[in-house]
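A.B. asks: coordinates only, no sequence provided:
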């Protein structure tokens with residue numbers, strides 16, 4: 001039987017309905033906070049209240065933050081305009097999460113030692129472990145033993161902490177201390193807000209295309225970008241899972257929160273998946289693995305000789321068939337690309353390869369399958385139920401798929 005999924009889905013807005021208090025302190029990385037705020041509000045639907053410290057106001061005007069948040073920026077515990085003596089209590093209760101970005105050595109030290117002498121530090125004191133710090137400072141400050149003790153104290157107490165990255169710093173030196181990329185901060189914030197339903201679970205995800213080489217400069221492949229697989233990996237990681245991604249060649253940025261294993265050919269992908277499958281609780285097989293390989297590929301380029309080129313291709317091993325005998329109570333999710341007899345062909349694959357459900361793509365659909373940020377799929381389960389989904393972002397679809405995986409793993 002077929003059932004229509006609800007049309008109104010907004011999971012692409014990662015923080016829709018979430019209230020975020022963004023605390024901005026006085027560091028040179030403050031300029032990145034403006035684009036981060038815009039991403040949280042405009043792209044992900046968060047309701048954000050900004051607090052700036054006195055030192056932050058020395059670096060940037062609050063106007064840009066008021067523009068992106070749609071709210072006045074709060075800077076003081078007390079104001080002549082209104083009674084705000086308990087503002088810190090109100091904010092602490094209002095916020096689903098408190099994100100400090102950039103988090104300077106000063107604010108980290110205050111939080112670690114229970115100092116609450118301005119609006120932001122007082123809010124942190126009241127919000128407790130709802131707070132996550134995105135650190136940014138010079139290398140010497142970050143590596144200072146006292147700073148490391150403060151960071152350890154916050155982590156041990158359950159506060160979220162996003163370690164800085166290495167690279168060029170404001171001083172002209174290069175080292176650890178750069179504010180993490182916004183996508184890392186967004187992912188960490190999302191993880192902090194999630195329930196952690198997959199904590200303790202190991203999820204294996206395959207992604208991208210494979211390449212079957214004809215000679216050193218030519219190969220047979222497909223248009224898969226790896227976006228779907230990487231998005232699935234980030235969705236699983238956000239729920240607390242330990243995630244391994246086995247990916248073919250792709251130009252997409254590596255997924256946040258996951259271990260990435262790079263392969264090229266179908267055989268390499270099969271070997272990597274077989275090796276990691278034994279220790280996994282679930283496999284999401286979203287890679288577009290090549291069906292045929294050229295076993296006579298040589299080390300020299302094939303030369304044009306005026307005649308047509310004919311290649312004898314050999315069928316590659318079916319990875320899901322190869323591991324289906326070891327399924328046990330593991331969850332297996334497959335992906336299928338079909339252009340005709342879509343549902344019938346996909347149901348056959350589902351049962352032949354012991355999948356729990358299969359995600360069916362039709363590349364003829366506008367905005368679907370390869371090369372898009374969106375997808376339009378049908379999901380078929382082992383009972384034969386078909387769920388036809390509307391066109392949605394791959395991020396939204398990933399959340400939906402990982403939700404199904406989580407329910408299967410929990411038996412609900």
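C.D. replies: Happy to help now that I have it. Since this is a predicted model, take the numbers as computed values, not measurements.
A.B. asks: what about the strands in the stretch 101-250 of the chain?
C.D. replies: Applying DSSP state E, counting those that start in this stretch to the stretch 101-250 of the chain gives strands spanning 131-135, 160-162, 165-168, 174-178, 202-207, 212-215, 218-220, 242-247.
A.B. asks: closest one to residue 388 among those strands?
C.D. replies: strand 202-207 (23.8 Å; CB to CB). Any C-beta I mention is one placed from the backbone N, CA and C, and that applies to glycine too.
A.B. asks: in its sheet, what does the closest one sit against?
C.D. replies: strand 242-247 (parallel), strand 282-285 (parallel) (DSSP bridges).
A.B. asks: in TSV: the ones you listed, plus mean pLDDT.
C.D. replies: Shown next, in TSV, are the strands paired with strand 202-207 (pLDDT from 0 to 100):
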stretch	mean pLDDT
strand 242-247	98
strand 282-285	98
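A.B. asks: and these as a markdown table, adding mean neighbour count and distance to residue 341?
C.D. replies: Shown next, in a markdown table, are the strands paired with strand 202-207 (neighbours: other CB atoms under 10 Å; distance: least, CB to CB, whole Å):
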| stretch | mean neighbour count | distance to residue 341 |
| --- | --- | --- |
| strand 242-247 | 25 | 29 |
| strand 282-285 | 26 | 21 |
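A.B. asks: contacting residues for residue 351?
C.D. replies: Applying CB atoms under 8 Å, 6 or more residues apart in numbering, we find residue 351 in contact with residue 382.
A.B. asks: quick one: pLDDT of the spatially closest residue to residue 106 that is not a sequence neighbour?
C.D. replies: Excluding the flanking residues, the one nearest residue 106 by CB to CB, 6 or more residues apart in numbering is residue 25, at 6.9 Å. As predicted, residue 25 sits at a pLDDT of 97.
A.B. asks: and if you look at residue 366?
C.D. replies: pLDDT for residue 366: 83.
A.B. asks: please report phi then psi for it.
C.D. replies: The phi/psi pair for residue 366 (degrees, to the nearest 10) reads phi -60, psi 130.
A.B. asks: how is the chain divided into domains?
C.D. replies: 19-193, 202-410 (automatic domain parsing).
A.B. asks: dump these into CSV; add distance to residue 13 as well.
C.D. replies: Shown next, in CSV, are these (distance: least, CB to CB, whole Å):
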stretch, distance to residue 13
domain 19-193, 3
domain 202-410, 9
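A.B. asks: still on that earlier bit, closest one to residue 375 among the strands of the stretch 101-250 of the chain?
C.D. replies: Among the strands of the stretch 101-250 of the chain, the nearest to residue 375 by CB to CB is strand 202-207 (13.8 Å).
A.B. asks: and the closest one, how far out from the chain middle?
C.D. replies: Centre-to-centre, strand 202-207 and its host chain are 13 Å apart (CA atoms, centre = their mean, to the nearest Å).
A.B. asks: can you check stretch 385-401 too?
C.D. replies: Offset of stretch 385-401 from its chain centre (CA atoms, centre = their mean): 16 Å.
A.B. asks: buried ones in that stretch, by neighbour count?
C.D. replies: Neighbour counts over stretch 385-401 (16 or more other CB atoms under 10 Å) mark 386-387, 389, 392-401 as buried.
A.B. asks: how about stretch 15-35?
C.D. replies: Buried, per 16+ other CB under 10 Å, within stretch 15-35: 15, 18-30, 32-33.
A.B. asks: which other helices and strands contact the strand or helix carrying residue 35?
C.D. replies: Assessed by DSSP states H and E, residue 35 sits inside helix 30-38. In this structure, helix 30-38 packs against strand 19-24, helix 54-59, helix 63-69, strand 97-103, helix 182-193, with contacts taken as 3 or more CB pairs under 8 Å, 6 or more residues apart in numbering; DSSP states H and E.
A.B. asks: relative orientation of that helix and strand 174-178 in degrees?
C.D. replies: 40 degrees (axes from the mean of the first three to the mean of the last three CA atoms, to 10 degrees).
A.B. asks: tilt between helix 30-38 and strand 97-103?
C.D. replies: Using the same axes, to 10 degrees: helix 30-38 against strand 97-103 is 150 degrees.
A.B. asks: chain center to stretch 159-174, what's the gap?
C.D. replies: On CA atoms, centre = their mean, the centre of stretch 159-174 falls 21 Å from that of its chain.
A.B. asks: what lies in contact with that stretch?
C.D. replies: Counting by CB under 8 Å, 6+ apart, 28, 101, 111, 128-129, 131-139, 142, 151, 154-155, 175-181, 184-185, 188-189, 192 sit against stretch 159-174.
A.B. asks: in it, which residues are buried?
C.D. replies: 159-162, 164, 169.
A.B. asks: do me a favour and get the end-to-end distance for it?
C.D. replies: For stretch 159-174, the first-to-last residue distance is 28 Å (CA to CA, to the nearest Å).
A.B. asks: how about the helices in the stretch 301-412 of the chain?
C.D. replies: 319-323, 342-352, 394-410 (DSSP state H, counting those that start in this stretch).
A.B. asks: who are the contact partners of the residue nearest the centre of the chain?
C.D. replies: The centre of the chain sits closest to residue 234, judged by CA atoms, centre = their mean, with a distance of 2.8 Å. By CB under 8 Å, 6+ apart, residue 234 lies in contact with 187, 255-258, 398.
A.B. asks: now the residues you listed in TSV, with pLDDT and distance to residue 331?
C.D. replies: As requested, the contacts of residue 234 are exported to TSV (pLDDT from 0 to 100; distance: CB to CB, whole Å):
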residue	pLDDT	distance to residue 331
187	95	23
255	96	19
256	95	23
257	95	19
258	97	17
398	96	15
